Every structure is written in structure tokens, then in C-alpha cells.
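In: give me a model of this one.
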Amino acid sequence: MSAVDVVQRQLEAYNAQDMDAFLATYAPDCQICDLNGAVTQNGRDEIRARYAAMFAQFPENKARLVHRMSLGDVVIDHEDVVRGPNGPRLEAIAIYTVKNGQIARVDFVK
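Out: Numbering: from 1, shown residues only. Here you go, the predicted structure:
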């Protein structure tokens, strides 16, 4: 499975708010970070806690892929995220590093 395939599976699971499928795309020791900044989540348990809370708070949350580029094991997504029909909206760039068929690191630009 290519890095793009892994990231696409992750995006689809995120939009379906399917926590098991979403977490399956992440390595057990995956780190989620602010670009050039702090690690915000370290490992699947912390990723689960972050996204379970967000999915509960925003049950209609969806991310739309604006643009994607990839090179080898790195996939960069520009996403337009809408929390709900009348909810807040944000743009983000996610830089995914994929190793051994799972996301090993994500660096977010917001």
C-alpha cells in the first residue's frame, strides 16, 4: 500500500468518524506535532483521546481535500475543515510521514 493510499484511508475514516479505522492508519508510536513546534500527541492513546473528544464535540465535522502532493513516504494535504453546517471552519496543511504502511508522524500547519 502506498503512502497516498494510507493517508487517503485515514481521511476517509476521519470523515466517517470511524475511530478504529482511523487509528489503524497510525503507528502505535506515532507523533502529531505543530510544524517546527511541540509534539501535541504521542502514541495512539493520546491520538484517540484528542479525536474522540473532537468527534463528540463536532459530530458533523468533515475535512475536504483541497490539494495533495506526495513524494516517496511523505504526503502533504491542504485541507478545508468544517466543524458542522453552521460551525467554525479552518484550513490546515498536514504533512504525513508514512513508514511500514502506517502514519509515523504528522506535522500540522494551521
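In: make sure Ile103 is indeed in a strand.
Out: Yes - according to DSSP: H, G, I helix; E, B strand; the rest coil, Ile103 belongs to a strand.
In: for it, what are its contacts?
Out: Taking CB atoms under 8 Å, 6 or more residues apart in numbering, we find Ile103 in contact with 6-7, 10, 25-27, 30, 96-97. (C-beta placed from N, C-alpha, C; glycine too.)
In: quickly list what it is bridged to.
Out: Counting by DSSP bridges, Ile103 forms beta bridges with Tyr26, Val98.
In: do you know how far it is from Ile95?
Out: Distance of Ile103 to Ile95, given as CB to CB, to the nearest Å: 11 Å.
In: now Leu35
Out: From Leu35 to Ile95 the distance is 7 Å (CB to CB).
In: tell me which of those two has more neighbours.
Out: The neighbour comparison of Leu35 against Ile95 (other CB atoms under 10 Å) goes to Ile95, with 15 against 12.
In: spatially nearest residue to the more buried one (excluding sequence neighbours)?
Out: Asp107 (4.3 Å; CB to CB, 6 or more residues apart in numbering).
In: that older thread, what is in contact with Leu35 and Ile95 at once?
Out: Here Leu35 and Ile95 have 107-109 as joint contacts, going by CB under 8 Å, 6+ apart.
In: what's the closest of the residues you listed to His78?
Out: Distance to His78 across the shared contacts of Leu35 and Ile95 (CB to CB) is lowest for Val109, with 9.2 Å.
In: find the residue closest to the closest one in space, skipping its chain neighbours.
Out: Nearest one to Val109, counting by CB to CB, 6+ apart, is Ile93 at 4.0 Å.
In: ok, Arg44 - contacts?
Out: 23, 26, 28, 30.
In: contact partners for Ala27?
Out: Ala27 neighbours (CB under 8 Å, 6+ apart): 99-100, 102-104.
In: contact partners of stretch 94-102?
Out: Contacts of stretch 94-102 (CB under 8 Å, 6+ apart): 1, 3, 6-7, 10, 25-27, 30, 35, 73-77, 79, 103-109.
In: just to check, Cys30 is in contact with Thr40?
Out: No - using CB atoms under 8 Å, Cys30 is not in contact with Thr40; the gap is 11.5 Å.
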